[in-house]
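Asker: next one to model:
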Amino acid sequence: MNTDSFALRHIGPRRADLPAMLKTVGVETIDQLIFETIPNNIRLEKSLALDPAMSEHEFAAHIQELASKNQVFNSYIGLGYHQGVTPAVIQRNILENPGWYTAYTPYQAEIAQGRLEALLNFQTMITDLTGMELANASLLDEATAAAEAMALLFAIRSRDQKKAGIKKFFVSEEILPQTLSLLQTRSTPIGVELVVGDHQEFNFSEEFFGAILQYPGKSGQVHDISNFVTQANAAGIKIAVAADILSLVKLRAPGEMGVDVVVGTTQRFGIPLGYGGPHAAYFATREAYKRNIPGRIIGVTKDMNGNRALRMALQTREQHIKRDKATSNICTAQVLLAVMAGMYGVYHGPKGLTYIANKVHNTASTLANALEKLGLYQINTAYFDTIQVKVNGEKVAFFAKAEKINFYYPDAETVAISIHEATTIADLNKIISVFAKTLDKETITVTELSEGTTLTKEIARDTDFLTLDVFNSYHSETELMRYIKKLERKDLSLNHSMISLGSCTMKLNAASEMLPLSNPQWGNIHPFAPIEQAEGYQIMLKKLEDQLTEITGFAGTSLQPNSGAQGEYAGLMVIRAYHESKNEAHRNICLIPSSAHGTNPASAVMAGMKVIVTKALENGNIDLDDLRAKAEEHKDHLAALMVTYPSTHGVYESAIMEITTIIHDNGGQVYMDGANMNAQVALTNPGAIGADVCHLNLHKTFAIPHGGGGPGVGPICVASQLVPFLPTNPVIQTGGEKAITAISAAPWGSALACLISYGYITMLGESGLRKSTEYAILNANYIKERLNGHYQCLYTGERGRAAHEMIIDCRPFKINGIEVTDIAKRLMDYGFHAPTVSFPVAGTIMIEPTESESKEELDRFCDAMISIRKEIEAAAGDTNNVMKNAPHTMAMITADTWDFPYTREKAAFPLSYIADNKFWPTVRRVDDAYGDRNLICTCAPIEAYMEEA
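Answerer: Coordinates of the predicted model:
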């Protein structure tokens with residue numbers, strides 16, 4: 001056994017397992033299986049040009065060498081990003097814990113109560129600090145959240161405003177630059193007209209439907225915005241506020257003033273800078289807008305016994321239901337980061353947060369006083385953490401660089417300094433010395449912080465927050481460690497068993513890929529730091545871009561999109577810009593197959609396109625005749641086709657090159673959804689099938705963990721004609737020479753998470769990547785054949801093979817009174833998370849085992865499914881059966897009474913392997929409808945909830 005081979009550790013089946021697996025599948029070699037699975041005309045003719053694979057030991061040395069090239073300055077740049085302190089108990093027990101970072105989105109609530117509770121804590125923390133009624137479970141970043149706020153306010157315009165065509169949206173010039181760029185990107189396609197100006201001179205015209213303010217402003221100035229909000233409300237103008245989360249400990253909550261939406265980032269609540277991400281944004285609004293809020297909301301409901309239970313509320317998988325009528329294409333959240341930020345609030349509580357906020361504010365005040373003694377003029381009349389001084393910026397920068405300090409320079413004569421949680425008195429004295437040297441004066445030494453404030457009673461907070469027990473109970477490390485463990489035990493993650501989710505690719509997230517994330521040489525780099533300070537990042541990111549470009553067969557890559565849905569949107573916006581450059585801005589028709597992911601049509605509408613759905617044949621393939629007819633009918637306005645390959649039905653359509661040719665012949669571009677890229681890498685690629693752009697889910701194919709529902713990274717790779725239009729950033733330039741405006745807040749999106757995919761590709765190399773794809777296909781077809789005769793596989797390729805996933809039909813079981821949901825819940829009793837349920841076909845299960853799972857684990861899963869099939873047969877005519885009552889909790893099994901017509905052993909231990917590693921769901925089947933009818937999305941006690949209901 002070659003212990004240097006990372007591929008050997010990543011790929012599940014052992015060499016000794018291969019003969020039996022191949023025999024079951026009915027082939028003699030893997031090569032034969034691949035030949036029978038992938039159309040020969042799209043197979044790659046030569047190997048990928050990638051560097052030889054590194055061992056895990058070699059990669060550890062390599063990534064540390066790159067880290068050492070980063071210069072970790074103390075950055076006081078601000079602009080929405082602040083160095084913080086990640087409590088070690090949170091770093092070790094959440095960020096570095098596979099029990100948290102390998103969990104999937106909590107669609108199966110009964111085995112996700114832990115992270116659901118952690119997210120409920122997050123939502124409660126946000127509503128308390130913002131003064132709003134409702135918050136979601138996080139968004140991608142502050143700028144994206146602001147754009148979602150604009151879209152929400154546009155969607156909820158009054159009937160009269162819609163009738164009058166009111167489309168102007170006011171943006172305060174104090175908005176963060178990256179937020180303005182996102183608003184520019186998102187406004188034009190949906191018909192919103194941005195007007196940027198001084199909010200103190202705004203005339204509250206009836207031409208405006210909404211406005212957004214920054215609080216405090218990008219300069220650090222804290223304005224009393226209450227009068228603005230009052231006048232806006234009187235004029236029928238809805239207000240969004242982008243607020244610094246830590247400042248809200250000291251500042252009056254925006255919700256108290258009557259605003260409609262509050263957004264921001266929780267990055268400074270214990271999340272590393274990471275050169276821009278991933279970080280958890282927040283979005284809080286009025287309960288009246290609960291049907292329009294983007295992303296996910298965690299709500300309280302009850303289970304079958306009437307006990308309190310949590311689950312995702314209201315618009316769960318909204319895009320997959322509403323498709324082109326969805327109000328947002330966001331289908332993810334930054335769950336892992338939201339959990340960390342929420343735990344930061346739990347750990348510190350209201351008193352701890354007040355201490356931190358006071359320390360930051362007092363440090364800023366002390367600095368302002370010291371600089372004034374040096375003779376410098378401080379501009380901001382009221383501030384929380386950021387001051388501005390009038391001085392020669394070039395001279396300051398010279399002395400600051402020598403002290404490894406970054407400031408922000410709005411202009412040549414102004415220096416802005418944003419204090420953060422990690423700023424010490426020693427740091428403060430170093431800052432003062434820089435300005436003393438600039439002025440050629442003797443420095444002033446500070447020995448303690450002063451407690452003066454510029455915050456008047458009109459803008460200072462005077463209300464309590466975080467009063468619930470959860471924020472006042474876990475302030476020692478022992479207590480928090482046990483609380484985190486208590487929640488972790490309620491959740492099924494990859495460290496327990498296989499999660500075979502079709503389309504979601506829950507593969508191994510190797511420890512060697514994850515370790516660099518804890519290194520402060522990667523974690524403490526500000527996204528707007530001078531680029532030469534991030535040499536290690538620049539080398540890694542450029543190398544990853546090149547790797548992904550080579551893997552996809554394209555010409556260029558942007559890493560900026562920080563989710564798959566953002567990647568879809570970015571790809572379509574690049575296509576839009578390409579058509580505009582050819583004076584063909586009228587091309588606005590997007591063809592989308594009926595089987596496509598729901599985010600596809602939602603993204604197309606957001607990009608200003610009109611969606612036309614093309615038909616599918618009975619075998620699941622695209623109806624070529626219908627596609628050709630619609631492409632020719634709309635050839636003068638055709639912008640794009642969005643296609644998933646292999647198809648959402650788990651099949652390599654042999655006509656794919658004919659499909660892409662039809663689109664090109666009619667003037668359109670082909671966008672390929674990369675959700676199923678795990679079945680392509682090193683065997684075929686989007687370039688080979690004739691696509692022009694694809695997004696990649698780095699949290700699927702390229703091993704970034706799902707984190708319980710995020711983070712995700714969704715870069716786009718493009719053909720040569722689209723390279724000039726790759727997105728830029730207003731602070732640090734990126735992208736092509738004709739770049740579209742920003743897609744995400746940070747120049748390279750969630751750069752810290754990109755280390756994981758870089759490690760994955762670097763340690764696998766070409767051979768390991770190819771074998772990973774081959775074994776993903778082998779594992780899927782092994783399951784298909786083992787389940788043959790028990791379940792019907794709905795779609796197969798021309799030679800009867802599945803791709804890397806398959807759909808099994810559960811609709812025939814309705815005759816026995818069994819629904820697909822019953823199967824999903826019963827799998828929990830067997831220790832497995834259900835595969836993807838009812839997508840893309842209602843009443844089906846889509847199974848994707850990935851290459852990481854061993855034959856032993858595949859067999860356990862198949863044994864469970866076969867056992868469940870027998871239980872389905874036995875359930876006919878009896879609703880009090882083991883399927884309908886699943887899952888079975890420990891409380892049920894150990895209860896004094898047992899009122900079921902089957903044994904306790906049958907309920908909890910139906911197969912012998914389960915006793916060795918039993919996972920117990922902590923609640924019975926949850927009642928989703930009840931929770932939606934009686935919506936509560938904060939940590940109120942269940943008694944209050946039941947009384948309200």
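
Asker: pLDDT averaged over the biggest helix by length in the chain - what is it?
Answerer: Looking across the chain with DSSP state H, the single longest helix is helix 335-373. Mean pLDDT, computed over helix 335-373, is 98.

Asker: and stretch 703-718, by the same measure?
Answerer: In this model, stretch 703-718 carries a mean pLDDT of 96.

Asker: pLDDT below threshold where in the chain?
Answerer: Within the chain, the segments meeting pLDDT under 70 span 315-326, 931, 934-949.

Asker: still on that earlier bit, which elements pack onto the longest helix of the chain?
Answerer: Judged by 3 or more Cβ pairs under 8 Å, 6 or more residues apart in numbering; DSSP states H and E, helix 335-373 is in contact with helix 88-90, helix 98-101, helix 113-130, strand 377-378, strand 386-390, helix 425-439, helix 477-488. All C-beta spots, glycine's among them, are computed from the backbone N, C-alpha and C.

Asker: the helices in the stretch 451-600 of the chain, which residues?
Answerer: For the stretch 451-600 of the chain, applying DSSP state H, counting those that start in this stretch gives helices covering 477-488, 511-514, 520-523, 535-552, 564-581, 599-606.

Asker: quick one, the last one and helix 564-581 angle?
Answerer: In this case it means helix 599-606. 40 degrees (axes from the mean of the first three to the mean of the last three Cα atoms, to 10 degrees).

Asker: chain center to helix 599-606, what's the gap?
Answerer: Centre-to-centre, helix 599-606 and its host chain are 17 Å apart (Cα atoms, centre = their mean, to the nearest Å).

Asker: what's the answer for the first one, then?
Answerer: Once both centres are worked out by Cα atoms, centre = their mean, helix 477-488 turns out to sit 25 Å from its chain's centre.

Asker: just the buried residues of that helix, please?
Answerer: Leu480, Tyr483, Ile484, Leu487, Glu488 (16 or more other Cβ atoms under 10 Å).

Asker: the third one too?
Answerer: The neighbour-count criterion (16+ other Cβ under 10 Å) identifies Gln521, Trp522, Gly523 as the buried residues of helix 520-523.

Asker: what does the fourth one give?
Answerer: Of the residues in helix 535-552, those scored as buried under the neighbour-count criterion (16+ other Cβ under 10 Å) are 536-538, 540-541, 544-545, 547-552.

Asker: follow-up on the earlier one: just the closest of the buried residues of helix 520-523 to Ile732, please.
Answerer: Ile732 lies nearest to Trp522 out of the buried residues of helix 520-523, by Cβ to Cβ, at 17.2 Å.

Asker: verify the stated contact: that closest one with Pro516.
Answerer: Yes - with contact defined as Cβ atoms under 8 Å, Trp522 and Pro516 form a contacting pair (5.6 Å).

Asker: what's the helix or strand for the closest residue to Gly553 other than its chain neighbours?
Answerer: With sequence-adjacent residues excluded and distances taken as Cβ to Cβ, 6 or more residues apart in numbering, Gly553 is closest to Gly687, at 2.5 Å. Using DSSP states H and E, Gly687 sits in helix 686-689.
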